[in-house]
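> can you look at this prediction? I've put the sequence above it.
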Amino acid sequence: MSAPTRKMTKAEIALRSYALTFPESTEEFPWGERVIKVKGKVFLFLGQPAGGGLGFSVKLPVSSATALELPFAEPTGYGLGKHGWVSATFPSSDDVPLDLLKEWIDESYRAVAPKAVLAKLEAAEEPRQAKKSKAAKRK
C-alpha cells in the first residue's frame, strides 16, 4: 500500500527519522499507516488518531509496566499488549516527550532485531561509549 497523504506532525517526522537511523531499518505502509521494520519485523507503528495528533506503538519487554503507568499509554490492541506492546496517543495540542519515545524506539528495535543486526548496532555504539568513558575519567 502507498504512503498516507496526510501531513505528518513535527513529532512524527522526528520519531520516523530517528527510527530509520537503526541498522537495516525500513519504512512500509501496510493498512495505509506508517511502520518501521527491521528485517521484515515491525518495531514501530506511527499513525494519526481520528482526532489528529500522534499515535505510536512499540514493543517494550523491559519497560512496559512503567510505561503503562503514564496517562497517555495503554496496552496495544489486537492482543499485542499481552506481548509487551504499548501504544501512546498524543492530541495535537499536547507536547510529545520525544526523548522518552526515542528510548522506547531503541528498546523496541533491540527486542525485535535479529542478533546479527543487533551486533551491527552494538559495534557502532562501542566507539561512542569509549569516548564517553574517557571524557568521564578526565573530569
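Received, thanks.
> switch to C-alpha atoms for all contacts and neighbour counts from now on
Noted.
> for Gly55, helix, strand, or coil?
Put simply, Gly55 is strand when judged by DSSP: H, G, I helix; E, B strand; the rest coil.
> oh sorry, the question was meant for Ala14
Using three-state DSSP, the structure places Ala14 in helix.
> let me know how buried the nearest residue to it once chain neighbours are set aside is, in neighbour terms.
Counting by Cα to Cα, 6 or more residues apart in numbering, Ala14 lies nearest to Leu98, which is 8.0 Å off, once chain neighbours are set aside. Neighbour count of Leu98, defined by other Cα atoms under 10 Å: 13.
> OK, contacts around Leu98?
Leu98 makes contacts with Ala11, Ala14, Leu15, as judged by Cα atoms under 8 Å, 6 or more residues apart in numbering.
> got a PyMOL select line for the buried ones in those?
In PyMOL syntax, the buried subset of those is picked out as below (16 or more other Cα atoms under 10 Å):
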select buried, resi 11+15
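> got the contacts of Leu98 as CSV, with distance to Ala50 columns?
Output for the contacts of Leu98, formatted as CSV (distance: Cα to Cα, whole Å):
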residue, distance to Ala50
Ala11, 17
Ala14, 21
Leu15, 20
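> flag whichever of the contacts of Leu98 scores worst on pLDDT.
For these, the weakest pLDDT value sits at Ala11, with 89.
> now do the same contact list for the spatially most central residue of the chain.
Nearest to the mean C-alpha position of the chain, by Cα atoms, centre = their mean, lies Ile105 at 2.6 Å. Residues near Ile105 by Cα under 8 Å, 6+ apart: Ala19, Phe43, Leu44, Val58.
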